[in-house]
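> Got a predicted structure plus its sequence, pasted below:
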Amino acid sequence: MSAQTHTTTPVTTPRKTNARASAGDRRTLRKVLWGAQILLAAFLLVASALPKFAGQADAVRTFEEIGWGQWLRYVTGAVEAAGAIGLVVPRLAGLAAAGLIGLMGGAALTQLLVLEPAWALLPLGFAVVFAAVAWDRRAETRQVLRRLTR
């Protein structure tokens, strides 16, 4: 009997190591995030900020329940409108998203502590998307901040 030795070559799956593959992934991510930004900006402007400015009964009642006065309704609407506009301006998108993370954090806390705890998940979900936008736009944000500090 003779001993046979077998050599095997490892089976590998193709890996995306070239720059073109990762650049394509990056472009796809950017397109998805732009789509999300546009949808969220439209939502913030039309379904959230405008009812606050118009004095829609639900908005007035909600801010009465919060107990800080109706001035907060106008401030919140203004921050939402500014954030919505900033989300669709390429240079400002990262800063707007970062600001909206803070707004959504406040909204989630208000839902948990004052209003309806189950509804806290909605602003938290928005905050996750805004965090992804802020992270993806961090280079543009750094550039804007550098220009402001000159």
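Looks like it came in fine. Residues are numbered from 1 along each chain as shown.
> residues contacting the residue most central in space within the chain?
When CA atoms, centre = their mean is applied to the chain, the residue found nearest the centroid is F130 (1.2 Å). F130 makes contact with 40, 97-98, 100-101, 104, according to CB atoms under 8 Å, 6 or more residues apart in numbering. From N, CA and C alone the C-beta is placed, and that goes for glycine too.
> Counting neighbours, which of those residues comes out on top?
L100 (29 neighbours; other CB atoms under 10 Å).
> ok, now how distant is that one from F43?
Taking CB to CB, to the nearest Å as the measure, L100 falls 11 Å from F43.
> count of residues packed around L109?
Around L109 there are 12 other residues, counting by other CB under 10 Å.
> What about it? Give its phi and psi, please.
Main-chain torsions, L109, degrees, to the nearest 10: phi -60, psi -40.
> Spit out the contact partners of the residue lying closest to it once chain neighbours are set aside.
Spatially, and ignoring its direct neighbours in sequence, L109 is nearest to A120 (7.8 Å; CB to CB, 6 or more residues apart in numbering). A120 makes contact with 107-109, 111-112, according to CB under 8 Å, 6+ apart.
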